[in-house]
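Student: For reference, the sequence and a predicted model appear below.
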2 protein chains.
Amino acid sequence: MAENNQFKLAKAVHELVLERGYSGTSVDSICEKAGVSKGSFFHHFKSKEDAACFALDAWMSAMKEMALASEYETKSTPRERLLSYLDFLAGVMESPEAPKGCLLGSLALEVSQTHHQVQSKASNYFRFWAEGIANLIGDALGADSLEESTSLANHLISSLEGAILLAKATGNPPLVRSSILHFKQYIESRLV
Amino acid sequence: MAENNQFKLAKAVHELVLERGYSGTSVDSICEKAGVSKGSFFHHFKSKEDAACFALDAWMSAMKEMALASEYETKSTPRERLLSYLDFLAGVMESPEAPKGCLLGSLALEVSQTHHQVQSKASNYFRFWAEGIANLIGDALGADSLEESTSLANHLISSLEGAILLAKATGNPPLVRSSILHFKQYIESRLV
DNA sequence: GACACCATACCAACCAGTCAGTATATTTCA
DNA sequence: TGAAATATACTGACTGGTTGGTATGGTGTC
């Protein structure tokens, strides 16, 4: 395992925030879950919010790695790259580690009005993510404007985040795949 | 205004939960916002969770009233009824009162694993909502199976809830209308 | 001996919820 | 009618426990 305390704490933050929300997660409970003392927590993070930011960064780079591991980028045509990326998203909540939610979405919805550090980070991640998808879509659609591609990208992110929310609320995880597949059909009707 | 204290408290719960989340909202802050004493709070509600449930019920019936006020049901064909309902959803976050989010989604995402009362209520509301939309879609599509209609209904709810989340996180409210309009185009391509 | 790393004890502020008691309607019944 | 009984609405001080964060001192390693 060879995990250091900072990594263990970040992992605990991630799991607890998804389970109880940010405000519902105390520093003590994070330390307990990580099997680490409070002194260690405040050695690595200057505040609870700082720890959440760190966990969010970790989660986002893990997601990026998973996306790259799906090798969607190696497909030969823009159309195949987009479709492959959508397949990756459809399955992303079914992975073995099965994170029961999206840390980005959970944090953004809960604390975007109260914790400026987190909200600014989340906002940037969403913008950056949408840009990447918009490029994928723009390439696949060819003629469409950047504005339209961005709008479609935001619709995709909305469908995914909303489906994760709905899956969590109703205890019905397959909803995520289903929602992404609907988006795929929508975009395919525009590709032809 | 002639509002009684219970109504004032429910309104305060609603606003504060959207702003700070459920756990981030203290009973004291609710009372302060409502201009009501703590004793009054616990006279009307047996717990904070109970108050959240009451506020959620109030929000859901307000939404239902708004939907009915849009007169989507009076349209003559199933197709028009569905399209009119989608237009209602597209504009729902632009109302004058402009609730900065959806209480159902916010509560569901944050406390679905910790507060059984709220989660059970939210889960039922989502199921009930999806059933209603599925009927609307089933009627408009004619031949399609109930399963497919339900899947489309859940996709619509996902798109809406996700768009609200994204709008909040990035400070870009028009995203909601845009996402619903994409769904409308998707469903229209299936109607013809 | 300096520095990263971590443990324990501690703090003031805050938390949800309780309680004893007050004020004012509404109902009961002699 | 009118007094007693009851129910409803409300107040704000109080409680035991939790909160995020600090202070201080110890340990291993270069």
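Tutor: It's in. Numbering: from 1, shown residues only, chains lettered A, B, ... in the order given.
Student: In chain A, which residue sits nearest chain B?
Tutor: residue A:162 (2.7 Å; CB to the nearest CB). Heads up, the C-betas are built off the backbone N, CA and C, glycines and all.
Student: any idea how far that residue is from DNA strand D?
Tutor: Distance check for residue A:162 against DNA strand D: by CB to the nearest atom of the strand, to the nearest Å, it reads 28 Å.
Student: wait, what's in contact with that residue?
Tutor: A:179, B:105, B:157, B:158, B:159, B:160, B:161, B:162, B:163, B:165 (CB atoms under 8 Å, 6 or more residues apart in numbering or on different chains).
Student: Could you list the residues in contact with stretch A:101-111?
Tutor: A:14, A:17-18, A:21-23, A:52, A:55-56, A:59-60, A:118-119, A:122-123, A:125-126, A:160-161, A:164-165, A:168, B:20-21, B:24, B:101, B:105-106, B:109-110, B:162, B:165-166, B:168-169.
Student: re earlier: pull out the buried residues from the contacts of residue A:162.
Tutor: A:179, B:105, B:157, B:158, B:159, B:160, B:161, B:162, B:163, B:165 (16 or more other CB atoms under 10 Å in any protein chain shown).
Student: Now flag whichever of these is closest to DNA strand C.
Tutor: residue B:105 (20.5 Å; CB to the nearest atom of the strand).
Student: Any idea how many residues pack against residue A:29?
Tutor: 15 (other CB atoms under 10 Å in any protein chain shown).
Student: In what element of secondary structure is it found?
Tutor: helix A:27-34 (DSSP states H and E).
Student: ok, residues contacting the helix or strand following that helix?
Tutor: Proceeding N to C from helix A:27-34, the next assigned helix or strand is helix A:38-44, under DSSP H and E. With contact meaning CB under 8 Å, 6+ apart, helix A:38-44 is reached by A:5, A:6, A:9, A:27, A:28, A:30, A:31, A:51.
Student: could you pick out which of those residues are near DNA strand D?
Tutor: A:27, A:28 (CB under 7 Å from any atom of the strand).
Student: of all the contacts of helix A:38-44, which two lie farthest apart?
Tutor: Greatest spatial distance in these: A:6 and A:28, 17.4 Å, computed using CB to CB.
Student: show me where chain A has helices.
Tutor: With helices called from DSSP state H, chain A shows them at A:5-20, A:27-34, A:38-44, A:48-69, A:78-91, A:103-111, A:116-141, A:146-170, A:174-191.
Student: now the shortest one: mean pLDDT?
Tutor: Yep, that's helix A:38-44 we're talking about. If you average the pLDDT over helix A:38-44, you get 91.
Student: any idea how far that helix is from the chain center?
Tutor: 26 Å (CA atoms, centre = their mean, to the nearest Å).
Student: what about that helix and DNA strand D, any contact?
Tutor: Yes - under the criterion of CB under 7 Å from any atom of the strand, helix A:38-44 makes contact with DNA strand D via A:38, A:39, A:42.
Student: Could I get the buried residue list for that helix?
Tutor: Neighbour-count burial for helix A:38-44 [16+ other CB under 10 Å]: A:40, A:41, A:44.
Student: still on that earlier bit, ok, residue A:6 and residue A:28, which is more surrounded?
Tutor: Taking other CB under 10 Å, residue A:6 and residue A:28 do not tie; residue A:6 has more neighbours (18 against 10).
Student: Identify the residue spatially nearest to that one, adjacent ones excluded.
Tutor: Excluding its sequence neighbours, the residue lying closest to residue A:6 (CB to CB, 6 or more residues apart in numbering or on different chains) is residue A:44, at 4.4 Å.
Student: sorry, back to before: pick the one among the residues of helix A:38-44 next to DNA strand D closest to DNA strand C.
Tutor: residue A:39 (2.0 Å).
Student: want to try a markdown table for the helices of chain A, with distance to residue B:90 as columns?
Tutor: Shown next, in a markdown table, are the helices of chain A (distance: least, CB to CB, whole Å):
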| stretch | distance to residue B:90 |
| --- | --- |
| helix A:5-20 | 30 |
| helix A:27-34 | 41 |
| helix A:38-44 | 45 |
| helix A:48-69 | 30 |
| helix A:78-91 | 24 |
| helix A:103-111 | 21 |
| helix A:116-141 | 20 |
| helix A:146-170 | 12 |
| helix A:174-191 | 16 |
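Student: Nearest to residue B:188 among those helices would be which one?
Tutor: That would be helix A:174-191 among the helices of chain A, by CB to CB, at 10.3 Å.
Student: Turn the residues of helix A:38-44 next to DNA strand D into a markdown table, including distance to residue A:91.
Tutor: Listed next are those as a markdown table, based on distance: CB to CB, whole Å:
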| residue | distance to residue A:91 |
| --- | --- |
| A:38 | 38 |
| A:39 | 41 |
| A:42 | 38 |
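Student: For the helix holding residue A:29, name the packing helices and strands.
Tutor: Contact here means 3 or more CB pairs under 8 Å, 6 or more residues apart in numbering or on different chains; DSSP states H and E; on that basis helix A:27-34 packs against helix A:5-20, helix A:38-44.
Student: model confidence over that helix, on average?
Tutor: Averaging pLDDT along helix A:27-34 gives 92.
Student: Indicate the residue of chain A located nearest to DNA strand D.
Tutor: For chain A, CB to the nearest atom of the strand, closest residue to DNA strand D: residue A:26, 3.3 Å.
Student: That residue: how many residues sit nearby?
Tutor: Counted with other CB under 10 Å, residues neighbouring residue A:26 total 13.
Student: What of residue A:111?
Tutor: Residue A:111 has 25 neighbours, counted by other CB under 10 Å.
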